[in-house]
Structures are given as C-alpha cells and as structure tokens.
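# Test case, fold it:
(one chain, ligands or ions: 2)
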Amino acid sequence: MTLQTLTIQSAQGTYPVLLGDSIVEDIVSHLHSLGILEGRTVFIVSDTHLEALGHVQALKHRLRTAGYQIGVSVVTAGDESKNVSTLCFLYEAMIEAGVRRDSVVVALGGGVIGDLAGFAAATFLRGVTFIQMPTTLLAHDSSLGGKTGINLPQGKNLVGAYYPPRAVLYDVSYLSTLPNREWRNGMAEVIKHGILGDASLFEKLEEHPSQMYSGPSASIALLTQAMSVKVKIVEQDEHETGLRMLLNIGHTVGHAVEKLSQYALGHGEAISIGMVVENQLAVHRGLLSEVDCRRICTVLAAHGLPTQLPEQSFAEVSALMGVDKKHLNQGWTFALPTEIGQATVVRDVTPAEVERAWNAIRDCAN
Ligand SMILES: NC(=O)c1ccc[n+]([C@@H]2O[C@H](COP(=O)([O-])OP(=O)(O)OC[C@H]3O[C@@H](n4cnc5c(N)ncnc54)[C@H](O)[C@@H]3O)[C@@H](O)[C@H]2O)c1
Ligand SMILES: [Zn+2]
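Numbers count the residues shown, from 1 in each chain. Ligands and ions are numbered 1, 2, ... in the order given. Here you go, the predicted structure:
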C-alpha cells in the first residue's frame, strides 16, 4: 500500500490531498480522520459510466455497511450534465436524501462531477462539507484549487464558486478503468504542469511517455509531482488575480480550438494544439528557445496528443478567442513558457501575433 499526502492552504482553511491505491478500501478510516463519523449522511454524486463499472455501488456498500446514511445521485456522463437543470435535479435529490448542514457531499468522478457536485455543495443550505474523489487523470487538475461551477448555453463555466473541498481522496486504482483517450487528455495537463513549474517532471515525461495507466506506483509518483505544481500556485493566488493565470498555458488558443471542434476534441487534445501555437508565439517574442519549443512538441506527440492544426481558418479561431472571459481590455492575456519549468503571463498579445504563430505551425506542417 502506498499513500502520499499533500496539504493545501486555502483562505477557508487547510485541506489534505491523499493519493493512494487503497483509499476506497480504507475509506471509513479516512473519513474518521476527517472527523466524519458513522450516522452522518454522505451524499454521493457520480455519473452513469462509473455506475456501470460498479464503482458507485462499491463505495455506497462500504459506507452503508459501516453505518453511514447514504444518498446517491447518478447523472448522465459527459460535460452536458454540467448545467442548471442537472443542478436542480441534484438539489431535489439532496432534499429527498435528507442532506443537512452536517452532511457530506462526495463527488465520485472526473472534472464534470467535481465541478457540478462541488457547486451543489457550495450552494445547498449555503454550504455543505464537500469531498472530491477523483476518478480521471484530468481531475488531478480540476480537483485542486476550489473552483466549482456549471456551464450556461452561452459558455462553459460561466456560473460557479470558489469552494475548497474538505479533502481530496484520490484512489488511483480507479484509473485502471479509464479509457486510454481520457488518460491522454489528462496527460496534457500533467505535461502542462511540468512545463510551467517542474523541469524534472517534464524530463521524466520525455524519458517515459505514457499513453495509458501503468499501475499504481508510477501513477501516484506522477500525480504527486504534477499536483504539487498546482498546489504551489493556487496557494499563492487562490482567486486568480495573477499567478494562477500561469495555469492557462495552452488554454487561450486551446479553448477556442475545443469550441470550434464542437467538443469533438477532448479538452487535453485541444490544449495540446493550443500549447503548440502558443509556444510558437513565445518563440516569436523571444521568450522561449526553439529547442525548448521543439521538446514540448515532441513530448505532446509522444503521449499521443495532437500537435497539428485543425482544418479551420485562423479567423474562426480568433473570433472565439475574443469572447474568452479571461481577456481584459488591453490585449489578449496569455500564459507562455519561458523555459522548461518556467512560465510568465503577458497581457498585450495582439491578434496579429497569434495569427503569425498559427501560420508558422500551418506552414511547417505542410
Ligand atoms: N474546477 C477546475 O479547476 C477545473 C479544471 C480543469 C477542468 N475542469 C472541468 O473538468 C471537466 C473535464 O474533466 P474530465 O476530463 O475528468 O471529464 P469527465 O468527468 O467527463 O470524465 C471523462 C469521462 O471519463 C469517464 N470516467 C471517469 N472516471 C472513469 C473511470 N475511472 N473509469 C472509466 N471511465 C471514467 C466519465 O464518465 C466521462 O465519460 C470539464 O467540465 C472542465 O471544465 C475543471
Ligand atoms: Zn485545462
């Protein structure tokens, strides 16, 4: 049994992140250490894929047998469930299950479930204790930092709250059932964390590319390292006024590319393309060396991520970038790598510069 612990300081208090391969087996003792004892209501939110795999039933059974009161709500798997009507469905299920101020909402799932259940926990009765149990690789990113929320028809993540969990209990054995494409999507964020804050993590990714789950010890080591980068940043800038923007590497172009594909591209796939374009922009600005730019591109490809531009024109991409909520008036804001393990935020990027980077990638692929 391996167990790693990280601790995160947030304005609302400190919370632990536990990474291990038998966290579910030992869930009762973990709840005890958090002061959550038998008799309390635990409301599990999960999705249809996790239910079909038996993960929901197994957790429910373990907790019920130990003497917790259990409520369960399973929503349709996929980002479409991060909406107002599913949120209302959760509130109703919470009322029915007798969720009170002293109950605990557990998000068993990926980023969709974490964001949705987290926002429900943040708002129901003005705040119910919330625990993240991530089941995807991407959730190493989304479960940290306290951002919760839902989408509106007008855009993703437009309604939300900063609501740190009481704990993140990350049992990596869930990753053994994760489809390989979801693994690769999550790897894009792991690579991002290496680029912006940990050169040794990046070097490991160069030496050992992984396109699928490769067992608990390798995953725990990888995730501990990647999560430590994010922990350091969100601790210093919980509400995204400065430093936290570094986490947007690849995301400015990536979000536009993701939207343009009508979400046929996964989030990690889109930010992989975003990183390729944005790194070129960093090279043009003299911020990043050609060598490091190439290293990043090679690592993305080695992890099975796309590095070629989509078919659409730059005009279509830039129209979508303009409406990104992260852009203020002066120019477009980008987080750009300056070397492997270091990044900076620039706020004066012009559409012409992005177009030049875009065209440089297009021309080099031809
Ligand atoms: N809050 C934040 O800071 C933050 C950061 C990044 C992303 N996000 C959000 O995260 C979401 C994306 O997260 P995601 O990629 O984890 O999506 P997801 O929750 O939709 O999971 C991806 C897919 O994998 C399935 N799945 C999950 N765990 C599984 C397992 N162990 N075995 C088999 N299948 C499994 C899910 O059912 C789903 O089909 C987006 O909504 C994004 O906006 C939030
Ligand atoms: Zn992301």
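# CA atoms for contacts and neighbours, from now on please.
OK.
# How about the secondary structure of residue 209?
Secondary structure state of residue 209, per DSSP: H, G, I helix; E, B strand; the rest coil, is coil.
# Next, count neighbours for it.
Applying other CA atoms under 10 Å, we find 15 residues neighbouring residue 209.
# ok, it to residue 183 distance?
12 Å (CA to CA, to the nearest Å).
# In stretch 336-350, which residues are buried?
336, 337, 338, 339, 340, 341, 342, 343, 344, 345 (16 or more other CA atoms under 10 Å).
# Now do the end-to-end distance for that stretch.
End-to-end span of stretch 336-350 (CA to CA): 14 Å.
# and it, average pLDDT?
For stretch 336-350, mean pLDDT rounds to 96.
# Stretch 161-169 too?
Stretch 161-169 shows a mean pLDDT of 97.
# With only the CA atoms kept, save it in PDB.
The C-alpha trace of stretch 161-169 is given here as PDB (Å, rounded to 0.1, in the frame of the first residue of the first chain):
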ATOM      1  CA  ALA A 161     -18.000  29.500  -6.800                       C
ATOM      2  CA  TYR A 162     -14.600  29.100  -5.100                       C
ATOM      3  CA  TYR A 163     -15.400  26.300  -2.700                       C
ATOM      4  CA  PRO A 164     -12.400  24.200  -1.500                       C
ATOM      5  CA  PRO A 165     -13.200  20.600  -0.600                       C
ATOM      6  CA  ARG A 166     -12.700  19.300   3.000                       C
ATOM      7  CA  ALA A 167     -10.400  16.700   1.300                       C
ATOM      8  CA  VAL A 168      -9.300  15.200  -2.000                       C
ATOM      9  CA  LEU A 169      -9.200  11.400  -1.700                       C
END
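# which outside residues touch it?
With contact meaning CA atoms under 8 Å, 6 or more residues apart in numbering, stretch 161-169 is reached by 10, 12, 15-19, 23, 118-119, 122, 129-134, 143-149, 239.
# which non-adjacent residue is nearest residue 118?
residue 148 (5.3 Å; CA to CA, 6 or more residues apart in numbering).
# And the one you found, what's its pLDDT?
Looking at residue 148, its pLDDT reads 98.
# who does it bridge with?
Note on residue 148: beta-bridge partners residue 161, judged by DSSP bridges.
# Look up how far residue 240 lies from it.
Distance of residue 148 to residue 240, given as CA to CA: 14 Å.
# Same check on residue 250?
In terms of CA to CA, residue 250 sits 17 Å off from residue 240.
# Next: residue 225.
Residue 225 sits at a distance of 22 Å from residue 240 (criterion: CA to CA).
# Looking at the two, which one has more neighbours?
Comparing residue 225 with residue 240 by other CA under 10 Å, the one with more neighbours is residue 225, at 17 against 14.
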